[in-house]
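**Student:** Could you work out the structure for the sequence below:
(chains A, B, C, D and E)
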Amino acid sequence: MIVRPHQHWLAQIFVWHGSVLAKISTRLLLNFLLSIAVIVMLPWYSTLGIRFTLAPFSILGVAIAVFLGFRNNACYSRYVEARQLWGQLMIASRSLLREVKNTLPEDPALSDFVRIQIAFAHCLRMTLRRQPQSATLARYLSEADLQQVVMAHSPANRILLLMGNWLAVRRADGQLSDILFHSLNNRLNDMSVVLAGCERIANTPIPFAYTLILHRTVYLFCIMLPFALVSDLHYMTPFVSVLISYTFISLDALAEELEEPFGMENNDLSLDAICNAIEIDLLQMNDDTPVPAKMMPDKYYQLT
Amino acid sequence: MIVRPHQHWLAQIFVWHGSVLAKISTRLLLNFLLSIAVIVMLPWYSTLGIRFTLAPFSILGVAIAVFLGFRNNACYSRYVEARQLWGQLMIASRSLLREVKNTLPEDPALSDFVRIQIAFAHCLRMTLRRQPQSATLARYLSEADLQQVVMAHSPANRILLLMGNWLAVRRADGQLSDILFHSLNNRLNDMSVVLAGCERIANTPIPFAYTLILHRTVYLFCIMLPFALVSDLHYMTPFVSVLISYTFISLDALAEELEEPFGMENNDLSLDAICNAIEIDLLQMNDDTPVPAKMMPDKYYQLT
Amino acid sequence: MIVRPHQHWLAQIFVWHGSVLAKISTRLLLNFLLSIAVIVMLPWYSTLGIRFTLAPFSILGVAIAVFLGFRNNACYSRYVEARQLWGQLMIASRSLLREVKNTLPEDPALSDFVRIQIAFAHCLRMTLRRQPQSATLARYLSEADLQQVVMAHSPANRILLLMGNWLAVRRADGQLSDILFHSLNNRLNDMSVVLAGCERIANTPIPFAYTLILHRTVYLFCIMLPFALVSDLHYMTPFVSVLISYTFISLDALAEELEEPFGMENNDLSLDAICNAIEIDLLQMNDDTPVPAKMMPDKYYQLT
Amino acid sequence: MIVRPHQHWLAQIFVWHGSVLAKISTRLLLNFLLSIAVIVMLPWYSTLGIRFTLAPFSILGVAIAVFLGFRNNACYSRYVEARQLWGQLMIASRSLLREVKNTLPEDPALSDFVRIQIAFAHCLRMTLRRQPQSATLARYLSEADLQQVVMAHSPANRILLLMGNWLAVRRADGQLSDILFHSLNNRLNDMSVVLAGCERIANTPIPFAYTLILHRTVYLFCIMLPFALVSDLHYMTPFVSVLISYTFISLDALAEELEEPFGMENNDLSLDAICNAIEIDLLQMNDDTPVPAKMMPDKYYQLT
Amino acid sequence: MIVRPHQHWLAQIFVWHGSVLAKISTRLLLNFLLSIAVIVMLPWYSTLGIRFTLAPFSILGVAIAVFLGFRNNACYSRYVEARQLWGQLMIASRSLLREVKNTLPEDPALSDFVRIQIAFAHCLRMTLRRQPQSATLARYLSEADLQQVVMAHSPANRILLLMGNWLAVRRADGQLSDILFHSLNNRLNDMSVVLAGCERIANTPIPFAYTLILHRTVYLFCIMLPFALVSDLHYMTPFVSVLISYTFISLDALAEELEEPFGMENNDLSLDAICNAIEIDLLQMNDDTPVPAKMMPDKYYQLT
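**Tutor:** Take a look at the predicted model:
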């Protein structure tokens, strides 16, 4: 995620880092070169009876804008929902620990429970980013628990089962009444909602045909654009063609980044920072030490 | 469902499998042939005083784009809701089993309960896809239960009743307090929400008139398009006409696939894979064996 | 509701039944005749200095398309919400009966309770469609209950009170603990949500001014369209004018049908079939007989 | 609120009452007069080198249409949410009384509780409309209660506190178990949601700048429109200019009415009728008399 | 927040305060001056073969309008969600205090609890606005509590823990049964939802690339606009160019204000006034004195 640098509005025209410009620069350059080729070849191919006007591209441009708007909406919704799910994890983690501390204030194993909770957040993050987990989880889980977790099809779900067991033992001991166990268990269910929600977003992309149809129409539109512009604009064709292409291609490329919000690209969610915040909050609530330092954006305003 | 192959952006222009191109190729070919016919016949029919300009089609094109955008939104919402319902089934299944294991850890019939839960997912899937169920369900249900299920108007609802009975017996025995029975019963209610939600999507299509109105206007628009383009573009008419037609017809065809998300087409939900994941997760949570292998996409990136 | 017949895409251009064509054919015919009159009178009125161009209608067309898109969205949302409410009734009905059967398995009056539940669905349906209720409800309710129900301002709400009484008697008897009564009572609250939601949709239309503004602009736009088209298209004016008018008027007319989803028109909800499904499911869950036959679409694919 | 009269589609073009026409007639008249002035002055100011074409207004028209569509959406959402909140009040009121009647069937003060509930609805309505409340509330509340209520910063919130006290007394007496008190208290929380939701809508308008930006662009657009139309349409300028202005200005004016849904204008919510329905339902549920008559629309189809 | 002054529709064209005009006046002035420069230089640069037509800008204008509409929607959603979260804080605060008063009516430390609740609202507000908190919170919290709060990574979360402790002490004392503790604890969870929701909005901006892409295209579009308009409009170019630029730039600037709804700009939320309302309501519910005066808008209709 790029933390917004609040630059002056004029300066923003020249910002490179964090925009999708780096990604689409090849395509824009090709468009620029094609425009120049079209200007040069115009006298030749117009003798062949090949001519273009802008009017049909106006119809096409409106249609593509409407459909790109729809796709951006769909991709951005995934990004927003993913962020909300991680917000719900923050809520459930804090509420669960607060309820446990309030109802079992003297429990000697509270710090263990805090560590299992922190492990859940890290495990979910690394599952979504397809990263190896054993080394990190070993910092928070006992050896026996770690074995169960890394063997499971859904490691984070196994951690939920461990948390449930921790509570169930205290219910069997008579330390937790059924109603309080029910209440705490509901917080685990909230975490289960977060887990399956994130899995759904990671495993079910937007129907692939949307991506294909829009890529194709956007690229073909941009390829034919210089032919249609040249008779009106002549020498100005490359500039206007690149500007229009930039508008369409950059929004198409950004939608693609947002579609998979758990990645590591510029506009993806900063899961590392969220996990870091959960860890700090839970440790502080239990007055445990040491508390890790808060993550800050790097010099490119980037937060992973 | 097509699992996205991450091809290069240029290569995507030529992808055939997984897009709706296969489905609409006849219509695009007809449009191409019509365009050629129009070029040939132009000198003849313009002597009859028949003439077309592009301006009225510009109005029509914008209107169709707006309305297609609306219909795509409505169809895509059904697809998203259907996927979310199956995500909720995953959540409810895991949470129910976790709660049962935590509150009845020593129950000798836990594996039976796991199998009834798995049967629910398969039964719902096969009901939505109108597939015969007896053979598959016989793997998970006792003979007596199977009889009740397959006779019912809504088989999946009958399985919910069986799960409720399983819990009610333990409440009557005094193994489950009322509050815990209430909590577990809420998970069954969550499954009931998934069941009726899927039935609603399967049985109530988007109002048929939307489909009709848009099909008609899109096809008539594409049929008249070559007549309007020919005076401006002449030899280029077929290419531009097919490009514009492709944009409109492909989005119309995709919306139609998404409208019924439980089908077996390229862009429909991969219910087989979701049921497979539920089965693996539940068996692993109970440490039951054997666990089935995880389903992977086939060589066309297709997951059913 | 029209159950979609899955006709070939070309055949759909000529479908009459189930589209709104029947309803708007007069308006389209008038538009056709007006277009012919405009062609005939063009030489005369252009001598008066009266002239039209298409450009201002292009601005108007875009604006109307955007606003029609908005209105379609609003009307379709009502349709979707109405269907979801009836889906929630299905969920609450099944869940309530399952919970009652699980917690009071031996109750001799279970069949009475099932019949009161069925009466609720039919009563809600007939209230929304403003149909006389006594004859139908007499099949499910005792004479004393029926009197209370038909006298009430909101009959369905009175049936909820009867269900609550049925449960309250068992709580007073000690058959139901407070926690289970609370749980069952929550299902009645769910039904109360459905009831008031349907009343809201039925009693609060979309602000009337939206309908008026769009009707007016759409009709005036279609009336002036032939004047604007004639100078460009001449003999082709009637065809293009009717096609554009069809696009706008049909979407306006469909929005009007969807705005009141509880009616009996082609694109309204099939409440009869939903009540029938609830009745079958509840009777089968209690193994009561006879179970009514499942309702099927008639030969015009119509399900009421 | 205007109850829709179901007039013939042609007659609707001439409906005056209930549309926003009355409100914007001055602006349309000014536009008409300006158009005539422009026709008259055209020869003069075109000699000064002042000329307009429609093309830039086409860009502006599309942009304004898109932004007006957005604002309409935002305003209509407030209207819909406000109506839903009042629907939730209906739900909570009925459910609360049903639960109280089922759990405390013999309570001698039930009628008092019904009256406090009715007072809440009226109090909320009069607070939102900034009407004096003492006279009306005195019909439902005891003298002591009335004093507390009218002195409070949020009178309706004070009534909730009174209802809570009524229930708390019965809990202290042992008539209500904790679980049932908890359940009834949740209904009060539902009413608290309605209260704060309505306060939010009433106190937080749509950001004022939206209103300003759109008013300005719409009015400037309509003022410059005749200049741009006159060279194409000449004598027809006033009619087309007024039609386009009507489309934009009327939707802008309607959005403004819907933005504050608790007012007394034509398209605002009929809070009087909703309060009347709540009063009738609650009295009938408790078999109290006399029940007030049901409110009907006046001769202009208006329901306040 | 600007409290809407209800000025006459004509007067609104000239309103300065509260619109974003102050912020974008430099950009509009630059656009005006550029337009004049273009008029002056037209004869010179057209001899170089540089020419522009409006048609390509029409395509670009539509696309930018669609994408700006999308971005406005996204930013406005954040604003609405932020306001709803604060509304939920109002709901949870009132409900929590009502439940506490009803179940612990004689508690001598009720006023302390009220003050901790008020501290939560102020603490959340000052955290979101990055203001120093110690001085304000010292008015509501004991010295020991204040120390814990200001040291925490999330001070408001620490206050929730304090509230939970207050309730947990009473549960341990036997004054609160488990079910009532569970119910009150759910209100704390509601506040936890508000807290994490606000943190999410404050810490996760809309993907920075959206802002960049739209700023760039809007500014480049407005810079090239005079060149495209000048051949059609000549002397009128500056006026039309500024009007179109105003429409696009002002909506872009407003979206930027709404994107961060917790700031202190004209169109941001009035958190001071909401905290003030919560404080008055809670103190009045407990009949505590003195109650602070209600905040009113200043002479510029501004409420912070």
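**Student:** make it CA atoms for all contacts and neighbour counts henceforth
**Tutor:** Will do.
**Student:** Tell me which residues touch the residue positioned nearest the centre of chain A, please.
**Tutor:** Geometric centre of chain A, nearest residue: A:Pro261, 1.6 Å, by C-alpha atoms, centre = their mean. When contacts are counted by C-alpha atoms under 8 Å, 6 or more residues apart in numbering or on different chains, A:Pro261 touches A:Arg78, A:Tyr79, A:Ala82, A:Asn267, A:Asp268, A:Leu269.
**Student:** Which of the residues you listed fall within helices?
**Tutor:** Counted as lying in helices by DSSP state H, out of these, are A:Arg78, A:Tyr79, A:Ala82.
**Student:** Not including adjacent chain positions, what is the nearest residue to the first one?
**Tutor:** Nearest residue to A:Arg78, sequence neighbours excluded (C-alpha to C-alpha, 6 or more residues apart in numbering or on different chains): A:Glu259, at 6.4 Å.
**Student:** Pretty sure that neighbour sits against A:Tyr79.
**Tutor:** Yes: judged on C-alpha atoms under 8 Å, A:Glu259 makes contact with A:Tyr79 at a distance of 6.7 Å.
**Student:** Over to A:Thr289. Which of the three states is it?
**Tutor:** Under DSSP: H, G, I helix; E, B strand; the rest coil, A:Thr289 falls in the coil class.
**Student:** Count the residues that sit near it.
**Tutor:** 9 (other C-alpha atoms under 10 Å in any protein chain shown).
**Student:** For the helix or strand that contains A:Glu256, name the packing helices and strands.
**Tutor:** Element membership for A:Glu256 (DSSP states H and E) is helix A:237-259. With contacts defined as 3 or more C-alpha pairs under 8 Å, 6 or more residues apart in numbering or on different chains; DSSP states H and E, helix A:237-259 has these neighbours: helix A:21-46, helix A:55-103, helix A:208-233, helix E:55-103, helix E:208-233.
**Student:** helices or strands next to the last one in the packing?
**Tutor:** Looking back up the chat, that one is helix E:208-233. Counting by 3+ C-alpha pairs under 8 Å, 6+ apart, helix E:208-233 packs on helix A:237-259, helix E:21-46, helix E:55-103, helix E:237-259.
**Student:** just to revisit the earlier point, got JSON lines for the ones in helices among the contacts of A:Pro261, with distance to A:Cys123 and neighbour count too?
**Tutor:** What follows is the ones in helices among the contacts of A:Pro261, written out as JSON lines (distance: C-alpha to C-alpha, whole Å; neighbours: other C-alpha atoms under 10 Å in any protein chain shown):
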{"residue": "A:Arg78", "distance to A:Cys123": "21", "neighbour count": "21"}
{"residue": "A:Tyr79", "distance to A:Cys123": "20", "neighbour count": "24"}
{"residue": "A:Ala82", "distance to A:Cys123": "16", "neighbour count": "23"}
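**Student:** So for A:Met285, which of the helices and strands packed on helix A:237-259 sits nearest?
**Tutor:** helix A:55-103 (7.8 Å; C-alpha to C-alpha).
**Student:** quick check: angle from the closest one to helix B:55-103?
**Tutor:** 20 degrees (axes from the mean of the first three to the mean of the last three C-alpha atoms, to 10 degrees).
**Student:** If you average the pLDDT over helix A:55-103, what comes out?
**Tutor:** In this model, helix A:55-103 has a mean pLDDT of 95.
**Student:** any idea of the angle it forms with helix A:208-233?
**Tutor:** 140 degrees.
**Student:** Any part of the next helix or strand after helix A:55-103 near chain B?
**Tutor:** Next helix or strand after helix A:55-103 toward the C-terminus (DSSP H and E): helix A:110-128. No: shown here: helix A:110-128 not in contact with chain B (C-alpha under 8 Å from any C-alpha of the partner chain), separated by at least 15.0 Å.
**Student:** for helix A:110-128, packing partners?
**Tutor:** By 3+ C-alpha pairs under 8 Å, 6+ apart, helix A:110-128 packs against helix A:55-103, helix A:134-138, helix A:155-172, helix A:178-203, helix A:271-285.
**Student:** For it, give the mean pLDDT please.
**Tutor:** Rounded mean pLDDT across helix A:110-128 is 97.
**Student:** Then stretch A:220-231?
**Tutor:** Mean predicted lDDT for stretch A:220-231 stands at 92.
**Student:** buried set for it?
**Tutor:** A:Phe221, A:Cys222, A:Ile223, A:Met224, A:Leu225, A:Pro226, A:Phe227, A:Ala228, A:Leu229, A:Val230, A:Ser231 (16 or more other C-alpha atoms under 10 Å in any protein chain shown).
**Student:** related to what we said a few turns ago, check the secondary structure at the residue nearest to the centre of chain A for me.
**Tutor:** A:Pro261 ends up coil, using three-state DSSP.
**Student:** ok, the closest residue to it other than its chain neighbours - contacts?
**Tutor:** Nearest non-adjacent residue to A:Pro261, counting by C-alpha to C-alpha, 6+ apart: A:Asp268, 4.8 Å away. Counting by C-alpha under 8 Å, 6+ apart, A:Asp268 touches A:Met1, A:Tyr79, A:Glu257, A:Leu258, A:Glu260, A:Pro261, A:Phe262.
**Student:** and if you look at A:Leu128?
**Tutor:** A:Cys198, A:Glu199, A:Ala202, A:Phe262 are the contacts of A:Leu128 under C-alpha under 8 Å, 6+ apart.
**Student:** what about 7 Å?
**Tutor:** Neighbour list for A:Leu128: A:Ala202, A:Phe262 [criterion: C-alpha atoms under 7 Å, 6 or more residues apart in numbering or on different chains].
**Student:** How about A:Asp281?
**Tutor:** E:His153, E:Ser154.
**Student:** Closest one of the ones in helices among the contacts of A:Pro261 to chain E?
**Tutor:** A:Tyr79 (9.3 Å; C-alpha to the nearest C-alpha).
**Student:** pLDDT score assigned to the closest residue to that closest one other than its chain neighbours?
**Tutor:** Leaving out its chain neighbours, the residue that sits closest to A:Tyr79 by C-alpha to C-alpha, 6+ apart is A:Pro261, at 5.3 Å. Note for A:Pro261: predicted pLDDT of 94.
**Student:** do A:Pro5 as well
**Tutor:** 66.
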